[in-house]
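Asks: following is a predicted model, sequence given first.
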Amino acid sequence: MVFVMSIPGEAFIKSYRVKLSTGSERMVELKELVGHVAANSNKVKILETLHRKQSNAKMVSKNIRLPERVVRGLLDELAADGIVEEDEGRYRLTALGNQIFGEVKGIR
């Protein structure tokens, strides 16, 4: 679930509910997710790749030159945080993922 806070002239996601692998949920602040992604250059590379074009794990792996096994693990983490979504083996950024990508690019 996403919570939106309005500011005159714009809207942005402030926090949202994340489902954990245990089945429980917790609230996460946007700044926490931005920091979590920005701290891992490989996650940033994955977001850059998916921002350009949705891809499968193998294509992402080739593009950022990491073993596919590592990329799949990172994609699983990003999907668990609601940043990417997978459909029939192809990954793409969610609306939240696009927002985080913009924030991370602004930091770098």
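Replies: Okay, I see it.
Asks: give me the below-cutoff pLDDT ranges for this protein.
Replies: 1-26, 108 (pLDDT under 70).
Asks: show me where it has its helices.
Replies: 30-38, 41-52, 57-64, 68-80, 95-107 (DSSP state H).
Asks: to Gly89, which of the ones you listed lies closest?
Replies: Gly89 lies closest to helix 57-64 among the helices of the chain, at 7.6 Å (CB to CB). Quick note: C-beta positions are derived from backbone N, CA and C, even for glycine.
Asks: how about the closest one, which residues are buried there?
Replies: Within helix 57-64, the residues that count as buried by 16 or more other CB atoms under 10 Å are Ala57, Met59, Val60, Ser61, Asn63, Ile64.
Asks: what is the neighbour count of the closest residue in space to the second one that isn't next to it in sequence?
Replies: Leaving aside its sequence neighbours, Met59 sits nearest to Thr49 (CB to CB, 6 or more residues apart in numbering; 8.0 Å). Thr49: 20 surrounding residues under other CB atoms under 10 Å.
Asks: do you know how far Thr49 is from Lys31?
Replies: 24 Å (CB to CB, to the nearest Å).
Asks: surely the residue nearest to Met59 and Lys62 touch.
Replies: No. Thr49 is beyond contact range of Lys62, at 9.7 Å (criterion: CB atoms under 8 Å).
Asks: quick one: residues contacting the residue sitting nearest the centre point of the chain.
Replies: For the chain, the residue nearest the mean C-alpha position is Ile83 (2.7 Å; CA atoms, centre = their mean). Contacts for Ile83 (CB atoms under 8 Å, 6 or more residues apart in numbering) come out as Leu33, Val37, Leu47, Leu93, Thr94, Leu96, Gly97, Ile100.
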